[in-house]
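K.L.:
Return atomic coordinates for the entry below.
(one chain, ligands or ions: 2)
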Amino acid sequence: MKEIIPPLFDSRARPQVSIYVATEPTLLVVPTFNESSNIGELIERFFTYVQNVHLLVVDDHSPDGTADIVEGLQQKYPNLLLLRRTGEKGLGRAYLAGISTGLEKQFQIIGTMDADLSHDPAYLPLMLTMIESADVVIGSRYIRDGGTINWQIRRVLLSWLANKYAAKLLRIPAHDLTSGYRLYRRGTIERLQLKSMKSTGYSFLVELLYRAHATGAKIAESPIVFYDRTMGASKLRSREIYIGALNLFLLRLLKKTIRS
Ligand SMILES: Nc1nc2c(ncn2[C@@H]2O[C@H](COP(=O)(O)OP(=O)(O)OP(=O)(O)O)[C@@H](O)[C@H]2O)c(=O)[nH]1
Ligand SMILES: [Mg+2]
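P.N.:
Ligands and ions are numbered 1, 2, ... in the order given. Next comes the predicted model:
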């Protein structure tokens, strides 16, 4: 049996299950842009907490050679997949490409997580246990036992506000709508009509959840403690947040128009 690497930090949301062995074809999609300082550790941690689960790195031609590091690890980890995107860029499109690959390859559970170690793979066993009786599982910072560490107060406030705004506007019954740490059942994704997604940037995740809720998906939340990146650079720009907020507003408007 493999030795378990302890969680990245002493979390209040202690994982209940230490290793999860998947019985259904399961894939986690990790979008990357310049994550060479994090991706190796993420991959190593990932494959100690889960077995029989695939990891797909979707890289947007990172100049720092992130994709080459992944390729170098593929021999060691046979369940490690890589999608090198060259033409397009952008987080929303990278998620879409990864999820679509997951559907094509007949995975039954498809999830997303960040590469910067903010999403500790130590939470995956609990999240994967929860998806057994849900359609969507969110790794949530804003429920009991969840939290954020190492975040600037500006980011904490912004994230909290963005969540309040989105929840109120879109009436989605969840506490962390912007978390990118998620699992979905295949059937739920198929009902979302991904090709007609309006958002391409950071509001992409909120739109996905909005659509899932609209199709009657059962949404569950599992507590995570989000640890801000210590290596590599953030790609989140303030402009994206405002565009994201506007996108959600348009989404709401669109729904009103469809109804009336
Ligand atoms: N493929 C791809 N991945 C991206 C792109 N932008 C960001 N990412 C990845 O998406 C994940 C989340 O991006 P982050 O920069 O960590 O954004 P964040 O978590 O909101 O912000 P910080 O962690 O505070 O920097 C990371 O794994 C990034 O490498 C992109 O344009 N293309
Ligand atoms: Mg991050």
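
K.L.:
Next, residue 53: phi, psi?
P.N.:
phi -120, psi 140 (degrees, to the nearest 10).

K.L.:
so what's it up against?
P.N.:
When contacts are counted by C-beta atoms under 8 Å, 6 or more residues apart in numbering, residue 53 touches 20, 22, 26-28, 46, 79, 124, 128. For glycine as for every other residue, the C-beta is placed from the backbone atoms N, C-alpha and C.

K.L.:
Quick check: of these, which lies closest to ligand 1?
P.N.:
Checking the contacts of residue 53 against ligand 1 by C-beta to the nearest ligand atom gives residue 28 as the nearest, at 11.8 Å.

K.L.:
Pull out the buried positions in whichever helix or strand that closest one is part of.
P.N.:
Taking DSSP states H and E as the definition, residue 28 sits inside strand 20-32. Of all the residues in strand 20-32, those buried under the rule 16 or more other C-beta atoms under 10 Å are 20, 22, 25-32.

K.L.:
and ligand 2, which of those reach it?
P.N.:
For ligand 2, no contacts are drawn from the buried residues of strand 20-32 by C-beta under 5 Å from the ion.

K.L.:
how far does stretch 26-38 sit from the chain's center?
P.N.:
How far stretch 26-38 lies from its chain's middle: 10 Å, per C-alpha atoms, centre = their mean, to the nearest Å.

K.L.:
can you check stretch 129-138 too?
P.N.:
14 Å.

K.L.:
buried residues in that stretch?
P.N.:
130-131, 134-138.

K.L.:
re the thing from before, restrict the contacts of residue 53 to those near ligand 1?
P.N.:
Applying C-beta under 6 Å from any ligand atom to those, one finds that nothing falls near ligand 1.

K.L.:
Adding pLDDT, write those residues out as TSV.
P.N.:
Shown next, in TSV, are those (pLDDT from 0 to 100):
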residue	pLDDT
20	95
22	97
26	98
27	98
28	98
46	97
79	98
124	96
128	97
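
K.L.:
how about residue 166, what does it touch?
P.N.:
172, 177-178, 206, 248.

K.L.:
avg pLDDT for the helix or strand where it lies?
P.N.:
Assigned by DSSP H and E, residue 166 belongs to helix 153-170. Helix 153-170 comes out with an average pLDDT of 83.

K.L.:
any residue of that helix up close to ligand 2?
P.N.:
No: Helix 153-170 is not in contact with ligand 2 by C-beta under 5 Å from the ion; minimum separation 10.0 Å.
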